[in-house]
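Asks: Sequence and predicted structure are below.
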Amino acid sequence: MGDNFMVFKIIFFSFMFLLSLGCSSIHVNISSNKDTTYQGKIKKILITIPPNITVNPIILKNSFLNKFNRQGIDAHVLIVAPLELDEKKVRRDAILKFRPTQIMDLAVKSISRTTYGKVGTAFHSGGIAASKVTFEIIISDRRTGNSIWRSNVEFSGSEYSSEDADELASKIVEKLQADGLLTESGADYYNKATSASGLSLSPPVIPDRLELTVLTKGNIYKFLSNILVKEDINAINLYADKFFKEEGNITYTIRDEKQKVLILLRIKNNKRTGCFVKLSDKGYPVIPISVFSEKIRPSKVDKDKLNQWFRRMSQEIATNGKSTSLIVFENGNSLEVELTADPDNIKILYYDKKFMKKGTFDGAGYLNILTGGNGDYGETVTKYQGKDVIDMVPSIP
């Protein structure tokens with residue numbers, strides 16, 4: 001009798017699972033209210049996910065990162081742990097560390113859950129769970145602390161479906177676009193850039209800065225072992241030992257394909273520094289914005305617009321190994337800037353520019369266009385095999 005009952009349970013719950021797959025569908029309904037006096041755009045956003053959310057938080061985090069990055073927006077997701085004692089402090093610490101321009105807080109207002117089989121929760125995948133959830137989402141401006149967008153989100157779908165979490169994130173980002181909080185030129189930018197080259201990849205997250213570490217005999221081993229594969233102890237010791245025996249102006253390049261990272265060690269004027277750059281799925285460098293801002297300097301251009309221009313340059317290079325961008329100055333003249341990665345010397349970018357007078361170019365041929373500036377333009381380039389290049393290693397004072 002016991003064995004027959006267990007067989008019945010397995011058949012019953014399997015049937016309910018198939019029935020739920022065939023009959024359920026995701027539903028997302030969003031109503032919102034935006035501060036009409038707010039003229040800013042989302043550029044760098046911190047998203048907080050509460051502990052009582054029903055959608056799998058890891059899946060939702062990855063979906064949010066993917067959707068915002070496709071818009072050229074730097075995003076960071078904070079998942080609040082279920083037993084966190086001081087949620088406000090955790091949120092405050094994340095803001096101080098990430099320094100976003102806006103903060104998006106999710107809060108669960110109501111939950112209705114249906115579970116087949118073993119009871120499931122947001123952090124436990126036993127059973128088959130479907131939920132009807134009402135979220136409240138508030139976006140605030142970090143500088144002023146004021147709420148700039150508030151929404152009510154009704155969601156029904158599977159708790160463990162990556163497709164459902166992805167759809168939820170998509171609808172929220174689409175609503176932000178419709179309400180004017182995302183830059184127009186950011187919409188579908190990454191899709192255009194990848195489709196133009198026939199590629200379909202996850203968009204890379206572009207860091208703001210390339211961080212330099214001053215290296216000593218006491219900390220170089222820790223610096224390298226935090227980045228390289230820790231099993232390769234002999235290689236780490238070899239690099240560390242050689243680095244402190246050399247003199248002069250030297251740059252070492254260590255490329256680790258397994259970790260998808262490029263390490264740059266530089267000696268200059270007897271100062272030793274190190275930094276690292278992540279590599280994309282295609283093996284191209286994911287270049288921080290600060291590298292471009294140090295080397296390419298158009299005058300009297302809005303800083304946010306300029307950083308967005310640099311961010312898209314980096315996305316194109318990480319995806320295609322090459323970026324062709326345009327500056328259109330206030331007088332109507334323009335400058336084309338072309339950057340190309342070198343697979344054999346990945347710490348440099350070949351640099352080329354072309355000045356074009358008003359009326360002699362077609363802006364429709366460019367995905368990445370910067371407008372503004374008085375025409376003055378500064379650059380810091382070096383020579384490599386007779387060509388102008390940008391060196392990714394930051395200058396050492």
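Replies: Thanks, I have the structure now. Numbers count the residues shown, from 1 in each chain.

Asks: And the residue nearest the centre of this structure?
Replies: V205 (2.6 Å; Cα atoms, centre = their mean).

Asks: Please name the nearest non-neighbouring residue to it.
Replies: N69 (5.7 Å; Cβ to Cβ, 6 or more residues apart in numbering). Bear in mind the C-beta positions are built from the backbone N, C-alpha and C, glycine included.

Asks: helices or strands up against the helix or strand hosting that neighbour?
Replies: Under the criterion of DSSP states H and E, N69 resides in helix 57-70. In terms of contacts (3 or more Cβ pairs under 8 Å, 6 or more residues apart in numbering; DSSP states H and E), helix 57-70 is packed against strand 44-49, strand 74-79, helix 162-178, helix 189-196.

Asks: quick check: mean pLDDT across it?
Replies: Per-residue pLDDT values over helix 57-70 give a mean of 83.

Asks: just stretch 243-251 next, same as before
Replies: Mean predicted confidence for stretch 243-251 is 77.

Asks: What are the contacting residues of it?
Replies: 215, 217, 220, 252, 264-270, 272, 347, 393 (Cβ atoms under 8 Å, 6 or more residues apart in numbering).

Asks: about what we covered before: quick one: the residue nearest to V205 from P285, how far?
Replies: For N69, the distance to P285 equals 17 Å [Cβ to Cβ, to the nearest Å].

Asks: again, but for A81
Replies: Relative to P285, and taking Cβ to Cβ, A81 is found at 34 Å.

Asks: and what of K222?
Replies: Counting by Cβ to Cβ, the separation of K222 from P285 is 24 Å.

Asks: Among the contacts of stretch 243-251, which pair sits farthest apart?
Replies: K217 and K347 (23.9 Å; Cβ to Cβ).

Asks: residues in contact with S110?
Replies: Counted by Cβ under 8 Å, 6+ apart, S110 has contacts V133, T134.

Asks: Surely it is in a helix?
Replies: No. In this structure, S110 is strand, not part of a helix, as judged by DSSP: H, G, I helix; E, B strand; the rest coil.

Asks: gap between it and E87?
Replies: 20 Å.

Asks: Tell me how this protein divides into domains.
Replies: By the assignment in automatic domain parsing, the chain contains the domains 23-187, 213-278, 290-391.

Asks: N69 and P285: which is more packed in?
Replies: P285 (24 against 19; other Cβ atoms under 10 Å).

Asks: Out of the contacts of stretch 243-251, name the ones that lie in helices.
Replies: Secondary structure defined by DSSP state H assigns I220 of the contacts of stretch 243-251 to helices.

Asks: Let's see if you can find the most crowded of the contacts of stretch 243-251.
Replies: Counting neighbours by other Cβ under 10 Å, the top entry in the contacts of stretch 243-251 is L265, with 25 neighbours.

Asks: Identify the residue nearest that one in space, chain neighbours excluded?
Replies: That would be Y252: by Cβ to Cβ, 6+ apart, it lies 4.1 Å from L265.

Asks: what do you get for R143?
Replies: In space, R143 is closest to T101, 7.6 Å off (Cβ to Cβ, 6+ apart).

Asks: List the contacts of that neighbour.
Replies: G40, I42, K43, K44, I45, D141, R142, R143.

Asks: ditto for I254
Replies: L224, L228, Y239, L262, I263, L264, L265.

Asks: Just the pLDDT for it.
Replies: I254 carries a pLDDT value of 78.

Asks: buried ones in the helix or strand hosting it?
Replies: Assigning secondary structure by DSSP H and E places I254 in strand 250-256. For strand 250-256, the neighbour count (16 or more other Cβ atoms under 10 Å) marks I254, D256 as buried.

Asks: Just the ones of the contacts of stretch 243-251 in strands?
Replies: Counting by DSSP state E, these place Y252, L264, L265, R266, I267, K268, R272 in strands.

Asks: quick check, nearest of the residues you listed to K132?
Replies: Using Cβ to Cβ, the ones in strands among the contacts of stretch 243-251 come closest to K132 at L264, 51.3 Å.

Asks: Which residue comes closest to that closest one once chain neighbours are left out?
Replies: The nearest residue in space to L264 (Cβ to Cβ, 6+ apart) is V393, at 4.9 Å.

Asks: isn't the residue nearest to V205 right next to P207, touching?
Replies: No. Taking Cβ atoms under 8 Å as the definition, N69 is not a contact partner of P207, at 12.0 Å.

Asks: Where does the prediction get shaky in the protein?
Replies: Applying pLDDT under 70 to the chain flags residues 1-26, 113-131, 159-160, 184-203, 229-233, 257-259, 394-397.

Asks: For it, which segments are assigned as helices?
Replies: Using DSSP H, helices in the chain cover 2-23, 57-70, 87-98, 162-178, 189-196, 220-225, 233-243, 289-295, 303-320.
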